[in-house]
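Trainee: any chance you can model this:
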Amino acid sequence: MAKLKSINFHGALLLKTLFDFQDPSKLVNSLLTLSLEELVILANDPMGSYAIEAFLKGRSVPSEKKHKLIENLKVQPLHVSCMKND
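Mentor: The predicted structure is shown next:
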């Protein structure tokens, strides 16, 4: 699999729509298997952060999965909040 570098506008919109499907479990599990490095890249990318927001606001994403993502990102919150997008 190619290393995650960024996400484009259309990809972020697609993810937002998919997170609202009745059963987005495969997509949810896929996001949760990203490495910490990939999650930090995603969180610091303008469209990637929109995708994470869509995940957290997704009506069909179970709360425990949302908490899992937050736990994964809590490892390096300062790095996530301070990294500049190149």
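
Trainee: report the residue spans of the protein with pLDDT below the cut-off.
Mentor: Under the criterion pLDDT under 70, the flagged ranges of the chain are 1-2, 76-86.

Trainee: who's in contact with the residue nearest to the spatial centre of it?
Mentor: The residue lying closest to the centre of the chain (CA atoms, centre = their mean) is residue 52, at 3.5 Å. Residues near residue 52 by CB atoms under 8 Å, 6 or more residues apart in numbering: 42-43, 69. Bear in mind the C-beta positions are built from the backbone N, C-alpha and C, glycine included.

Trainee: so how do I select the buried members of the residues you listed in PyMOL?
Mentor: Selecting the buried subset of the contacts of residue 52 in PyMOL, with 16 or more other CB atoms under 10 Å as the burial test, is done by:
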select buried, resi 42+43+69
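
Trainee: just give me the closest of the contacts of residue 52 to residue 56.
Mentor: residue 69 (7.2 Å; CB to CB).

Trainee: flag every buried residue along the helix or strand encompassing the closest one.
Mentor: Element membership of residue 69, judged by DSSP states H and E, is helix 63-73. Residues 65, 69, 72-73 are the ones in helix 63-73 that count as buried (16+ other CB under 10 Å).

Trainee: cool, and stretch 24-36?
Mentor: Residues of stretch 24-36 classed as buried by neighbour count (16+ other CB under 10 Å): 24, 27-28, 31.

Trainee: now what about it, what contacts it?
Mentor: 4, 15, 18-19, 42, 55, 58, 60-62, 65, 68-69, 72, 75-76.
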